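Peer 1: I would like the atomic coordinates for the input below:
(one chain, ligands or ions: 1)
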Amino acid sequence: MSLGALIREDIAKSGFMRLDRYMSLCLMHPHYGYYTQRDPFGSKGDFVTAPEVSQMFGEMIGLWLAQVWQDQGSPPATLIELGPGRGTMMADVLRICAHVPGFLERVSVVLVEQSAHLIAVQKDRLKGHSISWQPSLSSLPDGPVFLIANEFFDALPIRQAERIDEIWLERVVRCEDDGDLRLGHAPLAADEAANLPLHARDGEITEWSEASCRLVSSLGQHIETHGGAALLIDYGRDGGQGDTLQAVKAHEYHGVLNEPGEADLSAHVDFAALAKAATPAFAAPLAEQGAFLAAMGIGQRAAQLAQTADAEPLADALERLTATSEMGQLFKVLGLRPQSAPGLPALEEPC
Ligand code: SAH
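Peer 2: Down below sits the predicted model:
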């Protein structure tokens, strides 16, 4: 059995498969899912993420966390990372936070991960730290929560609708007689269509992620009530129009239906929808990754590291993380905090 065969079987029963189900099967099916089968990161893998570019990325996140934690009175708290990949960012964060008085004693660490394969990689990378794992954020711990996520929300399932003859139809996966998967349409329930933009041109596509909004909604509620903060970093935009679902394999774009489970599927994150879902917590104005890292002092950190290490790779990494033509502009940073808490460093306040 392959994931493609499993998907075809499912479609044979109900006629079509919604995109959110297709995406979650492709990424997270326990046996055939993209993330459950492999370690996709790095130059030999399918894509490179910011923490894998340089230790400086995780260090800036660590400094941000330490500052926000201290600004809220250094409380006993839980540090949560969603989708930690190889565990690199958390290792860099904990190395920085070990210098902050009381942090490691008062803060317990939880990693949210569904891939058994990546949990093993994370356990190895974070040996010596006391950490627990959970498969989802369905329950939040008591007390303040400080949460970080890099390139996590782009992997959460999305749905899409297309405007055809003045109504919204859902875009779904269908199967041709010869077994080829193709995109088709299915009716959308009236109460769901009512949430979509009222005016749209024929052929326009709109995209939304229920899974992301549900998660951020319970997170925002928790942060507002119990304290803490969140830093969500991803590639995305300030709104939800257009089709952004894409498949990447070996650093190249592929058709999203071509090889289920073999390519990474992701969609641009709609930060406006996340900020709205986070209510009643306060969402800081959306920042670009380059500006955020610069405000956190990544330039000074690069100069400091260059005193004892080869300067060229450091300059390359700095460029990659911050330049407008690289990750600096496409990637955005959304910060959340309780309404009454001090402003967030680099997003609202200078560092
Ligand atoms: N943050 C890491 C990895 C990003 S890739 C980095 O920047 O390098 C996405 C990560 O999220 C992987 O660890 C993947 O296994 C995990 N993931 C994706 N969807 C998930 C889900 N629904 N629940 C839990 N983890 C998920």
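Peer 1: who's in contact with Gly220?
Peer 2: For Gly220, the contacting residues are Ala277, Ala278, Thr279, Pro280, Ala281, Leu336, taking CB atoms under 8 Å, 6 or more residues apart in numbering as the criterion. C-beta here means a position set from N, CA and C on the backbone, and glycine is covered the same way.
Peer 1: Give me the buried subset of those residues.
Peer 2: Among the contacts of Gly220, those classed as buried by neighbour count (16 or more other CB atoms under 10 Å) are Ala277, Ala278, Ala281, Leu336.
Peer 1: Can you name the residues that contact the third one?
Peer 2: Residues touching Ala281, when contacts are defined by CB under 8 Å, 6+ apart, comprise Leu219, Gly220, Gln221, Ile223, Glu224, Ala230, Leu336, Arg337, Pro338, Gln339.
Peer 1: Using TSV, please lay out these together with distance to Val112.
Peer 2: TSV is the format used below for those (distance: CB to CB, whole Å):
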residue	distance to Val112
Leu219	11
Gly220	16
Gln221	17
Ile223	16
Glu224	20
Ala230	13
Leu336	16
Arg337	20
Pro338	21
Gln339	25
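Peer 1: who wins for most neighbours among those?
Peer 2: Using other CB atoms under 10 Å as the contact criterion, the top neighbour count among the contacts of Ala281 goes to Arg337, which has 28 neighbours.
Peer 1: Now do the same for the residue nearest the centre of the chain: its pLDDT.
Peer 2: The geometric centre of the chain, computed from its C-alpha atoms, lies nearest to Phe152 (CA atoms, centre = their mean), at 2.1 Å. The predicted local confidence for Phe152 comes out at a pLDDT of 98.
Peer 1: Isn't it up against Leu82?
Peer 2: Yes: taking contacts as CB atoms under 8 Å, Phe152 lies within contact range of Leu82: 4.3 Å.
Peer 1: Narrow the buried ones among the contacts of Gly220 to those in helices?
Peer 2: Using DSSP state H, the members of the buried ones among the contacts of Gly220 that fall in helices are Ala277.
Peer 1: ok, now which ones touch the residue nearest to Val216 when sequence neighbours are not counted?
Peer 2: Excluding the flanking residues, the one nearest Val216 by CB to CB, 6 or more residues apart in numbering is Ala277, at 4.4 Å. Under the criterion of CB under 8 Å, 6+ apart, the neighbours of Ala277 are Ser212, Cys213, Arg214, Val216, Ser217, Gly220.
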